[in-house]
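Peer 1: got a sequence here, can you model it:
(one chain, ligands or ions: 4)
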Amino acid sequence: MDENGSKKKKNSGRGVSGPTNPMVTPLLTDHYQFTMAYAYWKANKHQERAVFDLYFRKNPFGGEYTVFAGLEECVRFISNYKLSEDEIHFIKQNLPASCEDGFFDYLRGIDCSDVEVYAIPEGTVVFPKVPLLRIEGPVAVVQLLETPFVNLINFASLVTTNAARHRFVAGKSKTLLEFGLRRAQGPDGGVSASKYCYIGGFDATSNVAAGRLFGIPLRGTHSHAFVSSYMSFDEIADKALRTKDGSSTCEDFVSLVQKWLNKIKWSNSFRGIFSETNQSELAAFTSYALAFPDNFLALVDTYDVIRSGIPNFCAVALALSDLGYKAVGIRLDSGDLAYLSCETRKLFCSIEKEYELSYFGKMSITASNDLNEETLDALNKQGHEVDAYGIGTYLVTCYAQAALGVVFKLVEINNQPRIKLSEDVSKVSIPCKKRIYRLYGKETYPLVDIITGENEPPPKVGERILCRHPFQESKRAYVVPQHVEELLRCYCAGSSDKKQETLPPLKDIRDRCIKQLEQMRRDHMRRLNPTPYKVSVSAKLYDFIHFLWLNEAPVGELQ
Ligand SMILES: Nc1ncnc2c1ncn2[C@@H]1O[C@H](COP(=O)(O)OP(=O)(O)OP(=O)(O)O)[C@@H](O)[C@H]1O
Ligand SMILES: O=P(O)(O)OC[C@H]1O[C@H](OP(=O)(O)OP(=O)(O)O)[C@H](O)[C@@H]1O
Ligand SMILES: O=C(O)c1cccnc1
Ligand SMILES: [Mg+2]
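Peer 2: Residues are numbered from 1 along each chain as shown. Ligands and ions are numbered 1, 2, ... in the order given. Next comes the predicted model:
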């Protein structure tokens, strides 16, 4: 309160800019949120203080973990939440004519300055039933936020998790490139996927718009069209290439390439492997090398990888080498990627030896073409020489699972805890305003998440605490935590005096995600039959859930 007794409004002035996607407006919600808002208003209930939890019920992709993402976009959305006159007019047209004008005056006045958001930091590894966000505010306003919040978290967390899973199979040492824009579900699907795959551990994207918007490193090779667009060397008008050190100029780089191709045909490395390579492909490679002598990377599978693509690439790379340049490598986009990468590496190593070029054997091999977790796993099992993967369709469309199934449930109104019951126990909500703690054991990995009532004393290091399964009476365990981490932090203080977390830069979210994944016990992470991570409630919250459950569930009558 200030001297005049009025509440301070802090939230909307937090200085963050609006949503990345201009389509994210107050109208990006379900129609029923507005009809409910009207009914709340009509009943003069709209200002009642409500608490909602946002969570999911099952980990995706048959796994036992999820990476939480999308928080920043939620905070951006509410930081400048305001309905325009046009928007209000549209809502009015789409509600029954009997709706009173006072409601539209009310809509005119609403913003999110009185909304508090508590959330787990973006990039954290999370589990089912744990509230990822807790949103508190006037019930009508928070109700309007349900759909956009769920929308902003759902795909973000799903695709981040998908990226993390691809990284897990590929291994730390591989370069992962996201190539999905052309296959993504529309422009926002593409841009969001690029952002969240980066958080999930990809190194770079081919998506230029995402590179600009989020500062994600851009990477790419070239396509088959570039190769097949060339017919012959006649198309290369300027054949001159300066040496890397700038000391002289090779006037006919094309001849130098052809000389090398003839030379390697009879070399120990290539003898008997090829006779004639495709000359239009060689022209395309030569032309690309003239354009990018320092970054020469060629797609080698347009005609025949071993009999044409690789010898042509080597001829250009060796010619570049004469002028002091080091070629980068190749991309394979079809065929047996394990076999072709191994054969390619053998040839590179053989050339390295034969011509004493110390870098040649280590040139990079990029693989692409319908890659997914399974194909990466199969490649690992077979043995391969791939250094980088370009992954599109399966990654960005989350082909293996379409949605995460995030929900937004009322857990308290006017300080009264609320519960949602269901025949299906997994769908029963956990009532009350809650806190979440991650308890770490003797080793450095997390043991269990425990959900407590908001006013319960926090778990203490070295003190035994009972952790109970929220719904199964027999499942409980004592834990003596070695480290306790409170997960929900304040991101929007509303009109409270709480200290707000700052929104970290994307790179920090990515680092957090990578660290979080590394500290998990390996058996939670494995692809086949992973062990579930335990999510529990305190003894007090357990008792309360079951008291409320019995209170709310009608007693049946047998006839
Ligand atoms: N060694 C391998 N083990 C398992 N899967 C592989 C291996 N090499 C490639 N793959 C996968 O097999 C599939 C091959 O697909 P497909 O047969 O449609 O393509 P292709 O004939 O190689 O190329 P194109 O795109 O030219 O048709 C791809 O999903 C690819 O990722
Ligand atoms: O396979 P993805 O994981 O989606 O990765 C992206 C794909 O996009 C490109 O070609 P595109 O598929 O357009 O053509 P092509 O494979 O038929 O040459 C690229 O060569 C990859 O194959
Ligand atoms: O740069 C690439 O190689 C690329 C980009 C998008 C899709 N496929 C490949
Ligand atoms: Mg393809």
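Peer 1: list the contacts of stretch 487-504.
Peer 2: Contacts to stretch 487-504, defined as CB atoms under 8 Å, 6 or more residues apart in numbering, come from residues 7-11, 14, 16, 71-72, 75, 78-79, 112-122, 124, 130-131, 134, 136-137, 434-438, 449, 512. In short, each C-beta sits where N, CA and C put it, glycine included.
Peer 1: now do the buried residues in it.
Peer 2: 487-488, 490-496, 500-501, 503-504 (16 or more other CB atoms under 10 Å).
Peer 1: and the residue of the stretch 51-200 of the chain closest to ligand 2?
Peer 2: The nearest approach of the stretch 51-200 of the chain to ligand 2 comes at Phe179, 4.1 Å away (CB to the nearest ligand atom).
Peer 1: for that residue, give me phi and psi.
Peer 2: Per-residue torsions, Phe179: phi -120, psi 30 (degrees, to the nearest 10).
Peer 1: what residues does the protein put near ligand 1?
Peer 2: 334-338, 369-371, 375, 378-379, 382 (CB under 6 Å from any ligand atom).
Peer 1: now do the domain split for this structure, please.
Peer 2: Taking automatic domain parsing as the criterion, the chain consists of the domains 31-163+401-552, 221-386.
Peer 1: pull the distance from the first one to the chain's centre.
Peer 2: Mean C-alpha position of domain 31-163+401-552 versus that of the full chain (CA atoms, centre = their mean, to the nearest Å) differs by 18 Å.
Peer 1: what's the first-to-last distance across it?
Peer 2: Taking CA to CA, to the nearest Å, domain 31-163+401-552 runs 29 Å from one end to the other.
Peer 1: quick check: Leu318 touching Ile264?
Peer 2: Yes: Leu318 lies in contact with Ile264 (CB atoms under 8 Å); the separation is 7.1 Å.
Peer 1: residue in this structure nearest to ligand 3?
Peer 2: Closest point on the chain to ligand 3, by CB to the nearest ligand atom, is Gly220, at 2.9 Å.
Peer 1: which residues do Leu318 and Ile264 both contact?
Peer 2: With CB under 8 Å, 6+ apart, Leu318 and Ile264 have common neighbours Ile351.
Peer 1: which of the domains of the chain sits closest to Ala193?
Peer 2: For those, the distance to Ala193 is smallest for domain 31-163+401-552, at 5.1 Å, taking CB to CB.
Peer 1: briefly note if that closest one comes near ligand 2.
Peer 2: No: applying CB under 6 Å from any ligand atom, one finds domain 31-163+401-552 out of contact with ligand 2, separated by at least 12.4 Å.
Peer 1: thinking again about what came up before, out of the residues of the chain next to ligand 1, give me the one that has the most neighbours.
Peer 2: Leu337 (25 neighbours; other CB atoms under 10 Å).
Peer 1: disregarding residues adjacent in the polypeptide, which is nearest to that one?
Peer 2: Once flanking residues are discounted, Leu337 sits nearest to Ala367: 4.5 Å by CB to CB, 6 or more residues apart in numbering.
Peer 1: ok, now Asn312?
Peer 2: Leu282 is the one closest to Asn312 (CB to CB, 6+ apart), at 4.5 Å.
Peer 1: torsion angles phi and psi at the one you found?
Peer 2: Torsion angles, degrees, to the nearest 10, at Leu282: phi -60, psi -40.
Peer 1: just Leu548 next, same as before
Peer 2: Dihedral angles for Leu548 - degrees, to the nearest 10 - are phi -70, psi -40.
Peer 1: which ones are touching it?
Peer 2: 417, 419, 431.
Peer 1: can you read off the pLDDT for the second one?
Peer 2: Read it as Ile419. Ile419 carries a pLDDT value of 90.
Peer 1: which residues touch the helix or strand containing Leu447?
Peer 2: Element membership of Leu447, judged by DSSP states H and E, is strand 446-453. Strand 446-453 has contacts (CB under 8 Å, 6+ apart) with 127, 129-131, 430, 432-441, 458-459, 465, 467, 470, 477, 479, 481, 487, 519-521, 533-538, 540-541, 544.
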